[in-house]
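Visitor: Below: sequence and its predicted model.
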2 protein chains.
Amino acid sequence: MRIGGLEAGGTKMVCAIGDEQGNIMEKKIIPTGTPEDTMPQVIDFYRGKEIRTLGIGCFGPVDLNKNSDTYGYIRQTTKLPWINYDIVGNMKKELQIPIGFDTDVNGAVLGEAVWGAAKGLDNAIYITVGTGIGVGVYIGKRLVHGLMHPEAGHVLLNRHPDDHYKGHCPYHANCAEGLAAGPAVEERWGRKAMELADREEVWEMEAYYISQAIADYIFAYSPEKIILGGGIMHQKQLYDKIRKKTSELLNGYIAREEILNGMENYIVEPLLGDEAGIKGALCLGTLAV
Amino acid sequence: MRIGGLEAGGTKMVCAIGDEQGNIMEKKIIPTGTPEDTMPQVIDFYRGKEIRTLGIGCFGPVDLNKNSDTYGYIRQTTKLPWINYDIVGNMKKELQIPIGFDTDVNGAVLGEAVWGAAKGLDNAIYITVGTGIGVGVYIGKRLVHGLMHPEAGHVLLNRHPDDHYKGHCPYHANCAEGLAAGPAVEERWGRKAMELADREEVWEMEAYYISQAIADYIFAYSPEKIILGGGIMHQKQLYDKIRKKTSELLNGYIAREEILNGMENYIVEPLLGDEAGIKGALCLGTLAV
């Protein structure tokens, strides 16, 4: 069965055709402009491809409440032209197939739970640290929705004593996204993350922030696995620093083997790698009815 | 149908007989000593009462994993005589009836979801601020379990600039429980909470801490309702202070009516009042099979 997947991001739209095993047969990247520029190209990609369903993992906030008049809409985003754009309604009108819809990070955690690092588990979270910080939450084998959906990249952190950077989030002076996502790293240190690879203090501070967020997620969700990806995590030296600092913050309180023994198999890389997002979208497509 | 409920707390055991509508016909309080002293009295209470099932809402951490060898055990608690006590196994042996088992706060949020302030909702959390801080989490109409269960009373907070108290949690220098539960209030100010009722600065600081925790819970869970109870919340002046400070911390980011309009119907008192715990235990009993 051929399935479509769309990873709708703020900078690019990743369009793919795949199957129920998570194989990708075809992929195309379209830069994200306005809905009027971008969406006709996206829709054209899927035309005539004989897909049975489509899954969309979308940047947020989005309306996931099927009883709402604005189900399938993008809401109050900082990407202004997309506010109140009905992405599900418009694609359904054009393609006339069932569409599965969720946040990009919820898609990614689902993909990892079905095909990746959290396969077979009941509970897991997927954290992406990139242009923002997003957290996909899978509990009791289901994706978490609520009043909206988790926005756990905005949990509030303690500032590093040596950090005098003002923060990058327009809403919160000291949230994880504002202090530790890519744009914050770049603005604080005056260079792109990849050009800072050998600057020890950069990654110490980054681990200081990400580990606080992860400690809070462990207290809040009690996940069986934490999958940590995104552009910033291409700095592989971060993983061990984050495991060590998270362990110090928990300080033995969560008395489980998985956590007490160094967390090498607890805080892990996405098994789907940088394809977690698009494969997650495909996976949302497999569930569409 | 007659159902038993047991709210197993660190200072007292509340034993009750009730029905499926949450009515309580009989109640007895037994002080919590060692398992050897306390449990025979608890079991005696239920004997001959013709209850069909029993629900236990228990202080944690507890093992809720039905596939585990230690399912129904109390684990690594600070109440040392209770470590590894098999509360479900022992009561089942004596009473020979189905037992529903969860944390005290998960019981309470379930009770509130079935009979109380979160009736009909899909998602809610119940926060108790008392001798500790506990959070019961109900998502997609189910109680949240994971590697263990949520321990969200330990989320990490920013200290108030005027607070020089060391904190009361033996594990974490700046977690919510250590800075804002009853023992912290008492130790910081040198008096019991109820004797501090007219000290404005006490409740400003308390609201400063509780609102940070609530902001994190909103980001993490996206609950449809937040039920806030426990002994410290008998200081009713706290509710409005907490709503106001939570709103300042969120700063408009969660653009939903429930949150933008003062949160009077969003952060609420338990409708079951101080019986949320024992009624929650009863409710766990109604689900026991």
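Guide: In hand now; what should we look at? What you see is a predicted model, and the numbers here were worked out from it, not measured in a lab.

Visitor: Residue of the stretch 1-150 of chain A closest to chain B, please.
Guide: A:Gly146 (3.1 Å; C-beta to the nearest C-beta). Where you see a C-beta, it was placed from the backbone N, CA and C, and this is true even at glycine.

Visitor: what about the residue nearest to that residue when sequence neighbours are not counted, neighbour count?
Guide: Excluding the flanking residues, the one nearest A:Gly146 by C-beta to C-beta, 6 or more residues apart in numbering or on different chains is B:Ser222, at 3.1 Å. Applying other C-beta atoms under 10 Å in any protein chain shown, we find 23 residues neighbouring B:Ser222.

Visitor: wait, what's in contact with B:Ser222?
Guide: A:144-151, B:123, B:254 (C-beta atoms under 8 Å, 6 or more residues apart in numbering or on different chains).

Visitor: May I have the phi/psi pair for it?
Guide: Dihedral pair for B:Ser222: phi 50, psi 50, per degrees, to the nearest 10.

Visitor: repeat for A:Ala124
Guide: Torsion angles, degrees, to the nearest 10, at A:Ala124: phi -160, psi 160.

Visitor: Would you confirm that it contacts A:Glu224?
Guide: Yes: counting by C-beta atoms under 8 Å, A:Ala124 does reach A:Glu224; the two are 5.9 Å apart.

Visitor: can you give me the strands for the stretch 151-289 of chain A?
Guide: Taking DSSP state E, counting those that start in this stretch as the test, the strands found in the stretch 151-289 of chain A are A:226-229, A:267-268.

Visitor: Need the residues that contact the first one.
Guide: With C-beta under 8 Å, 6+ apart as the test, strand A:226-229 has contacts from A:108-109, A:112, A:116-118, A:124-129, A:210, A:214, A:217-218, A:239, A:242, A:266-271, A:273-274, A:276.

Visitor: Any of those residues buried? List them.
Guide: A:108-109, A:112, A:116-118, A:124-129, A:210, A:214, A:217-218, A:239, A:242, A:266-268, A:270-271, A:276 (16 or more other C-beta atoms under 10 Å in any protein chain shown).

Visitor: Please give me every residue in contact with the closest residue to A:Gly277 other than its chain neighbours.
Guide: Excluding its sequence neighbours, the residue lying closest to A:Gly277 (C-beta to C-beta, 6+ apart) is A:Glu7, at 4.3 Å. Contacts for A:Glu7 (C-beta under 8 Å, 6+ apart) come out as A:13-14, A:16, A:57, A:104, A:107, A:277-278, A:280-281.

Visitor: Looking at these, point me to the pair that's furthest apart.
Guide: A:Met13 and A:Gly280 (14.5 Å; C-beta to C-beta).

Visitor: ok, these two, which is more surrounded?
Guide: A:Gly280 (34 against 22).

Visitor: so who does that one touch?
Guide: A:5, A:7, A:55, A:57, A:104, A:106-112, A:136, A:272.

Visitor: how deep is the nearest residue to A:Thr286 once chain neighbours are set aside tucked in, by neighbour count?
Guide: Leaving aside its sequence neighbours, A:Thr286 sits nearest to A:Glu20 (C-beta to C-beta, 6+ apart; 5.1 Å). Using other C-beta under 10 Å, A:Glu20 has 16 other residues around it.

Visitor: Repeat that for A:Ala288.
Guide: 17.

Visitor: tell me the SS of the nearest residue to it once chain neighbours are set aside?
Guide: Excluding the flanking residues, the one nearest A:Ala288 by C-beta to C-beta, 6+ apart is A:Gly100, at 3.5 Å. Three-state assignment for A:Gly100 (DSSP: H, G, I helix; E, B strand; the rest coil): strand.

Visitor: pretty sure A:Gly100 is touching A:Leu287, no?
Guide: Yes: using C-beta under 8 Å, A:Gly100 is in contact with A:Leu287, at 5.0 Å.

Visitor: Tell me which of those two has more neighbours.
Guide: A direct count of neighbours by other C-beta under 10 Å for A:Gly100 and A:Leu287 places A:Gly100 higher, at 23 against 14.

Visitor: I'd like the mean pLDDT over stretch A:197-204, please.
Guide: When pLDDT is averaged over stretch A:197-204, the result is 97.

Visitor: no wait, stretch A:104-121
Guide: On average, stretch A:104-121 scores 97.

Visitor: Mind checking if that stretch is in reach of chain B?
Guide: No: against chain B, stretch A:104-121 shows no contacts by C-beta under 8 Å from any C-beta of the partner chain, the least distance being 9.5 Å.

Visitor: how far does that stretch sit from the chain's center?
Guide: 11 Å (C-alpha atoms, centre = their mean, to the nearest Å).

Visitor: ok, back up a step: surely the residue nearest to A:Thr286 is within a helix?
Guide: No: counting by three-state DSSP, one finds A:Glu20 to be coil, located in no helix.

Visitor: What residues does it make contact with?
Guide: Contacts of A:Glu20 (C-beta under 8 Å, 6+ apart): A:1, A:3, A:286.
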